[in-house]
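**Q** Structure of the sequence below:
(chains A and B)
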Amino acid sequence: MSLWEYANPKKFLTTSERVMPYVWAVSLTCLLVGVVWGFFFTPDDYKQGSTVKIIYLHVPAALMAINAWLMMLVASLIWLIRRHHVSALAARAAAPVGGVLTLIALVTGAIWGQPMWGTWWEWDPRLTSFLILFLFYLGYIALWEAIEDPDTAADLTSMLCLVGSVFALLSRYAVNFWNQGLHQGASVMRVGAITGSDTSEKVSNVFFYPLLTCIVGFVLLFVALVLYRTGTEIRARRIKALLARERIAS
Amino acid sequence: MNALLARDLKLALRAGGGFGLGLAFFLIVTVLVPLGVGPQSALLGTIAPGILWLGALLACLLSLDRLLALDWEDGTLDLLATAPLPLEAAVSIKALAHWITTGLPLVLAAPVLGILLNLPAPGYFWMVVSLALGTPALSVIGTFGAALTVGLKRGGLLLSLLVLPLYVPTLIFGAEVARRGAAGMDIATPALMLAGITAATIALLPFASAAVLRVNLR
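**A** This next block holds a predicted model:
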């Protein structure tokens, strides 16, 4: 029993179909509980009022936007090295999901920033690098759509994902150059904060537990969506193959 | 390699290869900016480094789609791929030829256009240095983008969409060097980062470009 068995499309489909209902159920439950808990059963922040509650959408979306790109990077590497088609299709399936999550993070950030910072948009390093990440998603999706031959498309987009990752990281450090920016640093998951060595600003536990529930919900939602979309891609390719075979036969 | 370089340069210089095109585009962008933002010389002086960098970047982008497309159409790339010269070297030469015909004229023209934008006096030297350091990276990154989209019928717009995000770090550090130079500040850190990006892209990206080109030639 090796991990590579799931590279077989048939095996992947049957397994993912068995797993998917549970993933969907847990993810939606977590999201519902987390959002309701966060929105209605936590106190308002004494400075930010109720606007702080957008954190339950903003932080998980931003987290998953980056992780989606990482997942695409791993899937692209697997495709380039071992040439499993399911891997390339999973990367393709993840791209629009990641792009939408990036957009959610940007939009919720703007909605929060308007009352809190007094501006919808600021050329802050974190904001700028997210916008650049969004552009990378757009380019990646556009390249997939533009090329007809599926294998060529998979190869080229994988290479773009590899090169793009390096440049996205570079951009992240390059924008740091301007200033420290408005956006706060990480205050949710810090190694120091958990081990107790770091007692500076940290999100209070009142907000942390619903946030954690939302994060779990978003992670599982991403997994469910990618599994679902990969299944769709596999079926679409099968239909194309069937049609081609029929055309040859007739 | 020399023959290939000479051929590419000749093709660019003669037969309407678009040698002056990038330069003319650069000129027009810089002329249009004061018309757009108004002729206050203090304002122009502060934004001049950024405008010059942006103009150079767009001029580079403009000439990318003919970098490989013509050779793709007439089959030269197929011959190059089967030639004893490694494809990586051929791609590097193409990037070099692109830089000599597009990047180098931009570097030389930048001080003249700086006068039009009222660039502060200490800025000229660092403007030229930053462009000289940065434009090779633009050419090499652009070659990768051109190799990605060479097989597409109308790849021009897609090429811009793919290449522009890749240009971000180069633009940030390059414009930062020029801006700090114009303001008389210390430029060491961004200049070193810019040089590092250029060196790394020249060393590594031709391999990616050649790999992508092989996929497209398959």
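**Q** so what pLDDT did the nearest residue to B:Asp65 once chain neighbours are set aside get?
**A** The shortest distance from B:Asp65 to any non-neighbouring residue, by Cβ to Cβ, 6 or more residues apart in numbering or on different chains, is to B:Gly156 (4.8 Å). All C-beta spots, glycine's among them, are computed from the backbone N, C-alpha and C. Looking at B:Gly156, its pLDDT reads 79.
**Q** B:Gly156 and B:Leu67 touch, don't they?
**A** No - assessed by Cβ atoms under 8 Å, B:Gly156 is found out of contact with B:Leu67, at 11.7 Å.
**Q** all helices for the chain, in order.
**A** All of this refers to chain A. In chain A, the helices defined using DSSP state H lie at A:9-40, A:55-82, A:85-117, A:125-146, A:150-175, A:191-195, A:205-249.
**Q** not what I meant, chain B
**A** Applying DSSP H to chain B gives helices spanning B:2-13, B:19-37, B:41-62, B:65-73, B:76-82, B:87-98, B:104-116, B:123-149, B:156-183, B:188-217.
**Q** Could you identify which of the ones you listed has the lowest mean pLDDT?
**A** helix B:2-13 (a mean of 77).
**Q** on that earlier part again, for burial, what's the neighbour tally of the residue nearest to B:Asp65?
**A** Residues near B:Gly156, counting by other Cβ atoms under 10 Å in any protein chain shown, number 16.
**Q** Look up how far B:Asp8 lies from it.
**A** Remark: distance between B:Gly156 and B:Asp8 (Cβ to Cβ, to the nearest Å) = 20 Å.
**Q** follow-up on the earlier one: among the helices of chain B, which comes closest to A:His58?
**A** helix B:156-183 (22.8 Å; Cβ to Cβ).
**Q** pLDDT weak spots in chain A?
**A** Along chain A, the model assigns pLDDT under 70 to residues A:1, A:45-49, A:178-204.
**Q** Quick one: name the residues of it near chain B.
**A** Proximity of chain A to chain B (Cβ under 8 Å from any Cβ of the partner chain) is limited to residues A:132, A:135-136, A:138-139, A:142-143, A:146-147, A:152, A:155-156, A:159-160, A:162-164, A:167-168, A:170-171, A:173-175, A:177.
**Q** Those, buried ones only, as a PyMOL selection?
**A** Applying 16 or more other Cβ atoms under 10 Å in any protein chain shown to the residues of chain A next to chain B, the buried members can be selected in PyMOL as follows:
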select buried, chain A and resi 132+135+136+138+139+143+146+147+155+156+159+160+163+164+167+168+170+171+174+175
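**Q** Redo the helices of chain A as a markdown table? Include distance to B:Gly142.
**A** Formatted as a markdown table, these follow (distance: least, Cβ to Cβ, whole Å):
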| stretch | distance to B:Gly142 |
| --- | --- |
| helix A:9-40 | 37 |
| helix A:55-82 | 22 |
| helix A:85-117 | 23 |
| helix A:125-146 | 14 |
| helix A:150-175 | 13 |
| helix A:191-195 | 41 |
| helix A:205-249 | 31 |
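**Q** For A:Trp4, grab the count of nearby residues.
**A** Neighbour tally, A:Trp4, other Cβ under 10 Å: 10.
**Q** same thing with B:Val140?
**A** Residues near B:Val140, counting by other Cβ under 10 Å, number 28.
**Q** Quick check, it in contact with B:Pro206.
**A** Yes - assessed by Cβ under 8 Å, B:Val140 is found in contact with B:Pro206 at 7.1 Å.
**Q** overlap in contacts of the two?
**A** B:92, B:95 (Cβ atoms under 8 Å, 6 or more residues apart in numbering or on different chains).
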